[in-house]
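> predicted structure and sequence below. I'll ask about it afterward.
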Amino acid sequence: MPPLSSSSPSSSDSFSSGSHSSDAHVAALRAAGCVFAEDEAELIRTAARTPDEAAAMVERRASGLPLEHVVGWAEFHGLRITVEPGVFVPRRRTEFLVEQALAAAPHARVVVDLCCGSGAVGAALAASLGQVELHAADIDPVAVRCAGRNVAGYAGHAYRGDLFEALPGRLRGRIDILAANVPYVPTDEVPLLPAEAREHEPLTALDGGGDGLDVLRRVAAEAPHWLAPGGCLLVETSERQTPAAVEAFTRAGLAVRVAEDEERYAHVLVGTGAATGVR
């Protein structure tokens, strides 16, 4: 998968549109409440092949469809990640999880992207690490299809199933980086999410149960059996949930540290397995 610096479309790659059309696109997006209407209009213009396609894309965006679903990709950690309608859009704050994984295991050779969504985290890790054995898994079939496209360039594999049940048994005790971007929104707070997420992304990628940590606890409990000696589990959560999340990691026998990035409002737990591994 090429980095954005070498593959982003430029105005010369797209159709030529007059200022009247551009102004109309900006006006339509602004009227729909898009805060960055000018930037979004330009991105749509460069992504569209014809004026009619651009107009249709503006209409879809104005109707509330996430911009990434409209143009078909999301920028993530310097990559262009394919994003299909109905797939969870990778958040820029999750780049912090990727950075923490690379710092914790710079020589990782077996990488798993659990609850993978589009496979953005796995693709970003593989792009940075080089030759790795990459696996991605999700319970949602649309996500698995999308992730398969994004990890294919790194000889990665995408599987459908419920957490570890989706993974080949031969990975037990071999995973160096287990990145699990689990859903962590408490059930009663899902209706408070922005409409873009609430209406266009799968509930399984958002709803983390009563306190938001149901899936996190399941992942933490099983992770030691899958990690290689010294391997690490990385999970994103919220500041409010961090103490309970740390407890779940500790109960599973993982040595845990908390990493924070205030600018991106990102909180990541890094749990390390025993040096001898757990079988």
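Here it is on my side, so go on.
> how near is the residue nearest to His69 when sequence neighbours are not counted to Glu189?
Leaving aside its sequence neighbours, His69 sits nearest to Pro85 (C-beta to C-beta, 6 or more residues apart in numbering; 4.9 Å). C-beta coordinates here come from the backbone N, C-alpha and C atoms, glycine included. Remark: distance between Pro85 and Glu189 (C-beta to C-beta, to the nearest Å) = 24 Å.
> out of these two, which sits in the busier spot?
Pro85 (15 against 12; other C-beta atoms under 10 Å).
> may I have the longest strand along the chain exported as CSV, CA atoms only?
Under DSSP state E, the strand in the chain containing the largest number of residues is strand 227-237. This file holds the C-alpha atoms of strand 227-237, laid out as CSV (Å, rounded to 0.1, in the frame of the first residue of the first chain):
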residue,chain,number,x,y,z
LEU,A,227,1.5,-13.9,23.0
ALA,A,228,5.0,-14.9,22.3
PRO,A,229,7.5,-14.7,25.2
GLY,A,230,7.7,-10.9,25.9
GLY,A,231,5.0,-10.2,23.4
CYS,A,232,2.6,-7.3,23.9
LEU,A,233,-1.1,-6.5,23.8
LEU,A,234,-2.1,-3.0,23.0
VAL,A,235,-5.7,-1.7,23.5
GLU,A,236,-7.1,1.8,23.2
THR,A,237,-9.5,3.0,25.9
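> which of the residues in it are buried?
Neighbour counts over strand 227-237 (16 or more other C-beta atoms under 10 Å) mark 227-228, 231-237 as buried.
> next one: stretch 258-273
259, 266-273.
> again with stretch 243-254
Within stretch 243-254, the residues scored as buried using 16+ other C-beta under 10 Å are 245-246, 248-249, 252, 254.
> could you export the residues you listed as a markdown table, including pLDDT and distance to Asp39?
Formatted as a markdown table, these follow (pLDDT from 0 to 100; distance: C-beta to C-beta, whole Å):
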| residue | pLDDT | distance to Asp39 |
| --- | --- | --- |
| Ala245 | 97 | 35 |
| Val246 | 97 | 38 |
| Ala248 | 97 | 39 |
| Phe249 | 97 | 39 |
| Ala252 | 96 | 43 |
| Leu254 | 97 | 41 |
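> could you list every residue that touches the most centrally placed residue in the chain?
Note on the chain: the residue nearest the mean C-alpha position is Pro90, at 3.5 Å, using C-alpha atoms, centre = their mean. Contact analysis of Pro90 by C-beta atoms under 8 Å, 6 or more residues apart in numbering lists 74, 76, 81, 83, 117-118, 120-121.
> if we go to 7 Å?
Going by C-beta atoms under 7 Å, 6 or more residues apart in numbering, Pro90 touches 74, 76, 81, 117-118, 120.
> same question for Ala228.
110, 173-176, 277.
> let's see it at 6 Å
Counting by C-beta atoms under 6 Å, 6 or more residues apart in numbering, Ala228 makes contact with 174-176.
> go on, Arg198?
Contacts of Arg198 by C-beta under 6 Å, 6+ apart: none found.
> is it fair to say it lies in a helix?
Yes: with DSSP: H, G, I helix; E, B strand; the rest coil as the criterion, Arg198 is located in a helix.
> can you give me the strands in this structure?
73-76, 79-82, 110-114, 133-138, 157-160, 175-180, 227-237, 255-261, 266-272.
> out of the ones you listed, nearest to Thr94?
strand 227-237 (6.0 Å; C-beta to C-beta).
> how far away is Leu167 from Leu134?
Taking C-beta to C-beta, one finds Leu167 at 12 Å from Leu134.
> compare the two and say which is more crowded by neighbours.
Each of Leu167 and Leu134 has its neighbours counted (other C-beta under 10 Å); Leu134 has more, 24 against 20.
> neighbours of the closest residue to the more buried one other than its chain neighbours, how many?
Among residues not flanking Leu134 along the chain, Gly156 sits closest, at 3.5 Å (C-beta to C-beta, 6+ apart). Neighbour count of Gly156, defined by other C-beta under 10 Å: 24.
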